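> how does the following fold in three dimensions:
(one chain, ligands or ions: 1)
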Amino acid sequence: MSEPTIGFIGLGNMGGPMATRLAAAGYPLVVCDPSARAVAALVERGARSVETAAEVGAQAEIILVSLPTPDVVQEVAFGPEGLIHGGKARILVDLSTTGPKAAVQIAARLAESGITAMDAPVSGGVASAVKGSLALMVSGPRAVYDELQPVLAHLGKLFFCGDKAGLGQTLKLANNLMSAAALAVTSEALAMGVKAGLDPTVMIDVINASSGRNSASVDKFPRAVIPRTFDFGFATGLSYKDARLCVEEAEALGVPMIVGSAVRQMLAVTNATFGPQSDFTCIAKVVEQWAGVQIGNSTEKTSKE
Ligand code: NAD
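Okay, the predicted model is just below:
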């Protein structure tokens, strides 16, 4: 049996490689993104490109979206040129991080058009998107999850989080807050050690063999902070959005988040200092500026040195 046509909207850092994997697996793709460059990369791999989400919704029953914010997902789904107007869509899989509140609203509105919403936020970053080794946190009706498994398995490992809309998003926000917290506290610890005279590479090697090991020490510092490339592939603006959504959700549930609130503020400062398009590893640069020290290999000095 031939593979079903998949609609893919949002071909950015994450969506681009995910769509590429589906094209390589033989799925006919119909894609849409305002970035001509992002679209061209998929068209080269055999995808059909269209101008609007409505056209995607006219050509595909299953539509995957990987978009920056909840507002953009709402616009793509329900706006004047939204996918609900296409008439063919049956399932919308939201791979973006949009938070449970938006997921519940989106699921309810899509149901009015006979479309089932599945939230399936992903974790693992660009490298995992390329390799197909993301973690996908999927929630929505179990039968639809079962139907989607062969498609989504090309993107990574699937975890069914429950039938209720938004559960996958809740888990994703918890994960991302922990990831950003690790980045922030590792920046502080490294700045302290370097200022005291330790070599940051030695620090990372020792920490990674010790109990302080975390996703920032294992991955982000060796790849993007110590070499001073600050190009891990996740925008500060998106990380800040995730921390905000997480703390808001915790407040709504009556769960205090003192550490989480501090992490959100660290991202607010990074966002204000380096801009929403900067890489979120720039959180380390904020700590460096405050500490008057530089973590990493370059001979470039910070302003306080
Ligand atoms: P990105 O900004 O690189 O990509 C977003 C894409 O959406 C862009 O290509 C943009 O042109 C497109 N887009 C914007 N408005 C659109 C519209 N109206 N119609 C169609 N396309 C539109 O962002 P990203 O890093 O790929 O992240 C996407 C989502 O995945 C976000 O919700 C993010 O929080 C989440 N996420 C990112 C990472 C990461 O490491 N980058 C990891 C896990 C989850």
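> any idea whether the residue in the chain positioned nearest to the ligand is helix, strand or coil?
Closest approach between the chain and the ligand, counting by C-beta to the nearest ligand atom: residue 12, at 1.7 Å. The way it works is simple: take the backbone N, C-alpha and C, and place the C-beta from them, glycine included. Look at residue 12: counting by DSSP: H, G, I helix; E, B strand; the rest coil, its state is coil.
> buried sites along stretch 261-275?
263-264, 266-267, 269-271, 274 (16 or more other C-beta atoms under 10 Å).
> same thing with stretch 165-181?
165-173, 175-181.
> can you check stretch 108-119 too?
So stretch 108-119, judged by 16+ other C-beta under 10 Å, has buried residues 110, 113, 115-119.
> give me the next element, helix or strand, following the top helix by length along the chain.
Secondary structure of the chain read by DSSP state H shows that its longest helix is helix 167-196. Counting by DSSP states H and E, the next helix or strand C-terminal to helix 167-196 is helix 200-208.
> avg pLDDT for that next one?
The pLDDT scores in helix 200-208 average 98.
> how big is the angle separating that helix from helix 167-196?
Put simply, helix 200-208 runs at 130 degrees to helix 167-196, going by axes from the mean of the first three to the mean of the last three C-alpha atoms, to 10 degrees.
> just checking, what packs against helix 200-208?
helix 167-196 (3 or more C-beta pairs under 8 Å, 6 or more residues apart in numbering; DSSP states H and E).
> quick one: the helix it packs on near the ligand?
No. Judged by C-beta under 6 Å from any ligand atom, helix 167-196 and the ligand are separated, with a smallest distance of 7.6 Å.
> chain center to that helix, what's the gap?
Relative to its chain's centre, helix 167-196 lies at 15 Å (C-alpha atoms, centre = their mean, to the nearest Å).
> mind showing which ranges of the protein have poor pLDDT?
For the chain, the stretches flagged by pLDDT under 70 are 1, 298-305.
> tell me where this protein has helices.
So, for the chain - with DSSP H - the helices run 15-24, 36-43, 53-59, 70-78, 100-112, 125-131, 142-152, 167-196, 200-208, 215, 236-253, 258-274, 283-291.
> residue 228: which of the ones you listed is closest?
Closest to residue 228 of the helices of the chain is helix 283-291 (C-beta to C-beta; 9.2 Å).
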